[in-house]
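> predicted structure and sequence below. I'll ask about it afterward.
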2 protein chains.
Amino acid sequence: MKKILIIGAGAIGGFYGAKLSQSGAEVSLLCRSDYDQVKKQGMEIKSHLGNFNFKPHQVIKDSSEYKDVPDYVLVTTKVLPEINFKKLLDPVIKKNTAIVLIQNGIHIEREFIELFPNQELISILAFVCVSKTDKGKIFHQDYGKLIIGDFPKLYSKKAEYLADLWKKSGIEVELSQDILKDRWKKLIWNAAFNPISVLSRGCNTNEILKNYATKNLVINVMNEVLLLSKLDGVLIEEDVIEKNISMTEKMKPYKTSMLLDFEANRKLEIEAILGNALKFAKEKSITVPYISTLYALLTCY
Amino acid sequence: MKKILIIGAGAIGGFYGAKLSQSGAEVSLLCRSDYDQVKKQGMEIKSHLGNFNFKPHQVIKDSSEYKDVPDYVLVTTKVLPEINFKKLLDPVIKKNTAIVLIQNGIHIEREFIELFPNQELISILAFVCVSKTDKGKIFHQDYGKLIIGDFPKLYSKKAEYLADLWKKSGIEVELSQDILKDRWKKLIWNAAFNPISVLSRGCNTNEILKNYATKNLVINVMNEVLLLSKLDGVLIEEDVIEKNISMTEKMKPYKTSMLLDFEANRKLEIEAILGNALKFAKEKSITVPYISTLYALLTCY
């Protein structure tokens, strides 16, 4: 039986961990604020895919308490500069442990490659609407698809095995030959709509696109991301911006996840979404005025 | 005795009108929300230059009620697109009436030139800290200097006369040979700090300059304004940006007027400060990414 340790018992970690456990993997959970609740009662998952009580194999407060040799360590925390991933992962990473990231943003793999250059690194994008409603309680509202690949390219047997576990539990999974490209593609939308929704003091997707000036800003940010992706050796179809805009125009107006975080006074993933893109632009000696303006305004408090 | 009608009984109109009346001009006031109070008791000015009760010659609710032929009509409202200046000024503008603007922003004179192409147009910048504390009550906190010139260049006897009235009442006045240049110079600071203070959700001048990314944004916005001023035929000294930054760094940290307006839920002068600059950039077929991003984010609600 595959041994999996999940680091980050938020909505993403809880939900996707529960699904792996449903398919028979031995899933443990590193859990801090919800420790007592989860230790006692497990995690309660409410989902249209079926409600489920997820009883982790081990519930631990600190990585050093973990008693197994994990096949996979899933990192499902937010991407925040203050999180010390070395400290979190060091005690549990063994020779054959694959590190698996289910997180937002671009170039978030760099830190893990530097810290653990010899580990297999699987990178996952989640397209899901899931939230924690209370300690140990998770509500899966909608969607759920995962895109899985080894970083930066292709995918291994080990990635395939993980994908199969999720598929068995009813999750839609796409194995990707080019996860770096998929990350840039997702960033095109995220880098524009997430920051603009916050900085416009609460506009939803529809309000952003109805205002001529912000719609143009969206397009300008997307063009900068597209340019950066090219410099990163990734070739995305030229009509991607048009498609992103028209898809968003057709969707029901909604608040971005960054706006929801902002309104709930939670930390924002500014570095993963914008900061890393900006860093990469600097490496390539190009200026990205639209991205850098959004970044500046979000980081001044 | 010179006859002056003031349109806009806010802090600026009340304060500078009071000073003209102190020097012996016959100053009337168009006054809406504060009409009853001002009609009965005049305007109470609290100032370190001396407290003063300003009794306007006429207090009127509508321009059509004005019974004189004014030498000057001072426009001291905010610059907001919804204000109908044609309706406000038409009934009172006579052959020799000079229109005098004490307002923020760039190219705000264009509308008045179009509406009243035959009138003398005097343009004034106020460097003052003054606020309305209650109906008919004005508190002059600090500063007060005016820069006065005919638009777009030089100054007339009539402008000089007005300047003298203010000087007599203790106001520092500078007559300008190039008020358009002075407006661009003031915009360099305003276009950067005012929008950034609002969009950063409340940073004061010091916080903006201490954050590396926003300090850079300030410089980038200032460079765009400087470029636009050149295209408008104005030559500003190249070290103006450096000087603006180091002056602001030396000042006590403070909240910009746009931030104060924002926090008090008052309308913002977005068009006068950024919209007109952006319009001018379009006329000249150049892109100003930093200004246009700030503009987009401020206009999306």
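Ah, there it is. Numbering: from 1, shown residues only, chains lettered A, B, ... in the order given.

> neighbours of A:R32, how many?
The tally of other residues near A:R32 (other CB atoms under 10 Å in any protein chain shown) stands at 10. Just so you know, the C-beta spots here come from the backbone N, C-alpha and C atoms, and that holds for glycine as well.

> now name the helix or strand holding it.
If you go by DSSP states H and E, A:R32 is not part of any helix or strand.

> how many residues are close by the residue lying closest to it once chain neighbours are set aside?
Spatially, and ignoring its direct neighbours in sequence, A:R32 is nearest to A:K61 (6.3 Å; CB to CB, 6 or more residues apart in numbering or on different chains). A:K61 is flanked by 12 other residues according to other CB under 10 Å.

> wouldn't A:K61 be in contact with A:C31 here?
Yes: A:K61 is within contact range of A:C31, at 6.9 Å (criterion: CB atoms under 8 Å).

> distance check, the residue nearest to the spatial centre of chain A against chain B.
Note on chain A: the residue nearest the mean C-alpha position is A:Q103, at 2.1 Å, using CA atoms, centre = their mean. A:Q103 sits 23 Å away from chain B, going by CB to the nearest CB, to the nearest Å.

> dump the residue contacts of that residue.
A:V75, A:T76, A:T77, A:K78, A:V79, A:A272 (CB atoms under 8 Å, 6 or more residues apart in numbering or on different chains).

> ok, how many other residues are close to the last one?
The tally of other residues near A:A272 (other CB under 10 Å) stands at 21.

> which residues does the nearest residue to it once chain neighbours are set aside contact?
Computed as CB to CB, 6+ apart, the closest residue to A:A272 that is not its neighbour in sequence is A:G105, at 2.6 Å. If you count contacts by CB under 8 Å, 6+ apart, A:G105 has them with A:V79, A:R183, A:L187, A:N190, A:E269, A:E271, A:A272, A:I273, A:N276.

> which other helices and strands contact the helix or strand hosting A:I196?
For A:I196, the enclosing helix or strand under DSSP H and E is helix A:179-199. Judged by 3 or more CB pairs under 8 Å, 6 or more residues apart in numbering or on different chains; DSSP states H and E, the packing partners of helix A:179-199 are strand A:121-134, strand A:137-150, helix A:205-210, helix A:212-231, helix A:240-250, helix A:257-263, helix A:289-299, helix B:289-299.

> and the ones you listed as JSON lines, adding mean neighbour count?
Below are these laid out as JSON lines (neighbours: other CB atoms under 10 Å in any protein chain shown):
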{"stretch": "strand A:121-134", "mean neighbour count": "19"}
{"stretch": "strand A:137-150", "mean neighbour count": "19"}
{"stretch": "helix A:205-210", "mean neighbour count": "18"}
{"stretch": "helix A:212-231", "mean neighbour count": "20"}
{"stretch": "helix A:240-250", "mean neighbour count": "14"}
{"stretch": "helix A:257-263", "mean neighbour count": "18"}
{"stretch": "helix A:289-299", "mean neighbour count": "25"}
{"stretch": "helix B:289-299", "mean neighbour count": "24"}
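
> how about the ones you listed in a markdown table, adding distance to A:E283?
Below are the helices and strands packed on helix A:179-199 laid out as a markdown table (distance: least, CB to CB, whole Å):
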| stretch | distance to A:E283 |
| --- | --- |
| strand A:121-134 | 20 |
| strand A:137-150 | 23 |
| helix A:205-210 | 30 |
| helix A:212-231 | 9 |
| helix A:240-250 | 23 |
| helix A:257-263 | 25 |
| helix A:289-299 | 14 |
| helix B:289-299 | 21 |
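
> want to throw these into JSON lines with mean pLDDT and distance to B:Y254?
Below are the helices and strands packed on helix A:179-199 laid out as JSON lines (pLDDT from 0 to 100; distance: least, CB to CB, whole Å):
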{"stretch": "strand A:121-134", "mean pLDDT": "95", "distance to B:Y254": "40"}
{"stretch": "strand A:137-150", "mean pLDDT": "96", "distance to B:Y254": "45"}
{"stretch": "helix A:205-210", "mean pLDDT": "97", "distance to B:Y254": "32"}
{"stretch": "helix A:212-231", "mean pLDDT": "98", "distance to B:Y254": "28"}
{"stretch": "helix A:240-250", "mean pLDDT": "97", "distance to B:Y254": "39"}
{"stretch": "helix A:257-263", "mean pLDDT": "95", "distance to B:Y254": "26"}
{"stretch": "helix A:289-299", "mean pLDDT": "98", "distance to B:Y254": "19"}
{"stretch": "helix B:289-299", "mean pLDDT": "98", "distance to B:Y254": "20"}
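
> of those, which is nearest B:G8?
Nearest to B:G8, of all the helices and strands packed on helix A:179-199, is helix B:289-299, at 22.7 Å by CB to CB.

> and that closest one with helix A:289-299, angle?
Taking axes from the mean of the first three to the mean of the last three CA atoms, to 10 degrees, one finds helix B:289-299 and helix A:289-299 inclined to each other by 50 degrees.

> give me the contacts around helix B:289-299.
Against helix B:289-299 from outside (CB under 8 Å, 6+ apart): A:196, A:199-200, A:211, A:213-214, A:216-217, A:220, A:289-290, A:293-294, A:297, B:191, B:195-196, B:198-199, B:217, B:220-221, B:224-225, B:268, B:270, B:274-275, B:277-278, B:281.

> near chain B, which residues of chain A?
A:196, A:199-201, A:203, A:207-208, A:211, A:213-214, A:216-217, A:220, A:289-290, A:292-297, A:299-301 (CB under 8 Å from any CB of the partner chain).

> pLDDT score for the residue nearest to A:R32?
The model reports A:K61 with a pLDDT of 96.

> next one: the one 3 residues further on
The pLDDT attached to A:S64 in the predicted structure is 96.

> what about it, how many neighbours?
Using other CB under 10 Å, A:S64 is surrounded by 10 other residues.

> that one - nearest residue in space that isn't next to it in sequence?
The shortest distance from A:S64 to any non-neighbouring residue, by CB to CB, 6+ apart, is to A:P91 (4.6 Å).

> thought A:I99 was touching A:F112?
Yes: counting by CB under 8 Å, A:F112 is a contact partner of A:I99 at 5.6 Å.

> which one of the two has more residues nearby?
Between A:I99 and A:F112, counted using other CB under 10 Å, A:I99 has the larger neighbour count: 25 against 21.

> spatially nearest residue to the residue of the stretch 51-200 of chain A found nearest chain B (excluding sequence neighbours)?
In the stretch 51-200 of chain A, the residue that lies nearest chain B is A:S200 (3.9 Å; CB to the nearest CB). Take A:S200 and drop its neighbours on the chain: the residue closest to it by CB to CB, 6+ apart is B:C300, 3.9 Å away.

> now do A:K55
Leaving aside its sequence neighbours, A:K55 sits nearest to A:G42 (CB to CB, 6+ apart; 4.1 Å).

> now for the residue of the stretch 51-200 of chain A closest to chain B, how many residues are close by?
22.

> hang on, it packs against A:I208?
Yes: assessed by CB under 8 Å, A:S200 is found in contact with A:I208 at 6.7 Å.

> shared neighbours of the two, anything?
A:T214, B:C300.

> wait, a helix at A:S28?
No: secondary structure of A:S28, determined by DSSP: H, G, I helix; E, B strand; the rest coil: strand, with no helix assignment.
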